[in-house]
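K.L.:
Model the following, please.
(one chain, ligands or ions: 1)
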Amino acid sequence: MDVVALAGGIGAARFLRGLVRAVDPARLTVVANTGDDITVHGLHVSPDLDTITYTLGGGVHPAQGWGRADEAFAVATELRDRYGRPDWFTLGDRDIATHLVRTEVLSRGGRLSDATRVITDAWAIPFRLLPMTDDDVTTMIETVDGHRLHFQRWWVGERAEPPVAQVRFDGAERARPAPGVIAAIQRADVVVLCPSNPVVSIGTILAVPGIREELAAKPVVGVSPIVGGRVVRGMADKLLGVVGAETSAAGVAGLYADLLDAWVIDDADADAADGLRAGGLAVAVTDTIMSDVDVTTALARTALGLVT
Ligand code: FO1
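P.N.:
So this is what the prediction gives:
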């Protein structure tokens, strides 16, 4: 069975640890959000690609879910203390190695997908990890008081405190799906929307022209990132209202609307199942809190079981 998964950051990476045990990884393609990407100290940082690579490669900082385990900050400290460089977005020494490799590939005219292949090969990632596009797409946050911030400046720099008026994907209208993305979706027997931020992870991927249209012809199953009306992690609750969606399992299903064939919700949201089924969705109610890899594998199997 050929599978495509749309993925964002930490929640998706956790989910993929189970999905790779539920399917043949050689027939799995993960398409990741790159709207979070940012250039820091001249280095191209791709947080969602790296979180997936580090998590599935066994090198992620376990408590954070992003960045490297066993990290040191000699370079970041020197940049701050000797060179007075901004340190609101901190790069660890080992993490910098990844950004140097990516930036070096790009500086030689390579594409983001070329750099991603070099990095995932080095980490022996058993499935194909593709950026959603090789073009520049940048998630921008327009705040209620009239500022336009790079997503990371809002999320990390401002701790997601400024109320949001709009979310924009700068460059999306000109972006093309990265090489292999459309072909992977066309070949897929099933497409999985990982439990990621529906607005600035899955939503960003869907904003790349051609991707949403291609998905419409496929069985698509998603895992709700909202449990009991609350985000499991991250800041989706601060953004769902902006796009007119309720912060609930049903609200996110409504956001994906016609795209979705099936939806996995947590036991805490069991009372939403009948309404969702009445709307035409296949629904599974289960434990979606990915407390260990066995629970996560069962969750992945439950999701796939709804559409295969
Ligand atoms: N998150 C923070 O809260 N503070 C940071 O200094 C920070 C640095 C950072 C560096 C590389 C990277 O890949 C991720 C980093 N993150 C940091 C997390 C990042 O903001 C999130 O992982 C994603 O943007 C969420 O999708």
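K.L.:
Which strand or helix spans the closest residue to Ala122 other than its chain neighbours?
P.N.:
Spatially, and ignoring its direct neighbours in sequence, Ala122 is nearest to Val101 (7.7 Å; CB to CB, 6 or more residues apart in numbering). C-beta coordinates here come from the backbone N, C-alpha and C atoms, glycine included. According to DSSP states H and E, Val101 maps onto helix 93-107.
K.L.:
What sits closest to whichever residue of the stretch 151-300 of the chain sits closest to the ligand if chain neighbours are left out?
P.N.:
Using CB to the nearest ligand atom, the closest approach of the stretch 151-300 of the chain to the ligand is made by Val156 at 4.2 Å. In space, and not counting its chain neighbours, Val156 is closest to Phe89: 5.5 Å by CB to CB, 6+ apart.
K.L.:
shaky segments in the protein?
P.N.:
Nowhere does the chain drop to pLDDT under 70.
K.L.:
For beta bridges, what are the partners of the closest residue to Gly210 other than its chain neighbours?
P.N.:
Excluding the flanking residues, the one nearest Gly210 by CB to CB, 6+ apart is Pro177, at 5.3 Å. Bridge pairing for Pro177 (DSSP bridges) gives the partners Thr133.
K.L.:
didn't Pro177 look like it was pressed against Arg212?
P.N.:
No. Counting by CB atoms under 8 Å, Arg212 is not a contact partner of Pro177; they are 10.5 Å apart.
K.L.:
higher neighbour count, these two?
P.N.:
Pro177 (23 against 14; other CB atoms under 10 Å).
K.L.:
For the more buried one, give me its contacts.
P.N.:
Applying CB atoms under 8 Å, 6 or more residues apart in numbering to Pro177 gives the contacts Met132, Thr133, Val208, Pro209, Gly210, Ile211.
K.L.:
is it true that the residue of the stretch 151-300 of the chain closest to the ligand lies in a strand?
P.N.:
No. Under DSSP: H, G, I helix; E, B strand; the rest coil, Val156 falls outside any strand and is assigned helix.
K.L.:
Where do the strands of this structure begin and end?
P.N.:
3-7, 28-32, 38-40, 43-45, 128-131, 138-143, 148-150, 164-170, 190-193, 220-223, 226-227, 230-231, 262-266, 282-286 (DSSP state E).
K.L.:
Would you mind naming what in this structure lies close to the ligand?
P.N.:
With CB under 6 Å from any ligand atom as the criterion, the chain meets the ligand at residues 8-9, 36, 45, 47-48, 50-51, 66-67, 89-91, 95, 152, 155-156.
K.L.:
about what we covered before: which helices and strands sit right next to the helix holding Val101?
P.N.:
For helix 93-107, the packing partners by 3 or more CB pairs under 8 Å, 6 or more residues apart in numbering; DSSP states H and E come out as strand 43-45, helix 47-57, helix 74-81, helix 112-122.
K.L.:
which one of the ones you listed has the most crowded surroundings?
P.N.:
Mean neighbours per residue, mean count of other CB atoms under 10 Å, is largest over these for helix 47-57, with a mean of 25.
K.L.:
what's the angle from that one to strand 3-7?
P.N.:
Here helix 47-57 runs at an angle of 120 degrees relative to strand 3-7 (axes from the mean of the first three to the mean of the last three CA atoms, to 10 degrees).
K.L.:
in this structure, what residue is nearest the ligand?
P.N.:
Nearest residue of the chain to the ligand: Gly9, at 3.0 Å (CB to the nearest ligand atom).
K.L.:
what's the neighbour count on that residue?
P.N.:
26.
K.L.:
Pull up the gap between it and Arg187, please.
P.N.:
Applying CB to CB, to the nearest Å, the value for Gly9 to Arg187 is 26 Å.
K.L.:
do Gly228 as well
P.N.:
Taking CB to CB, one finds Gly228 at 36 Å from Arg187.
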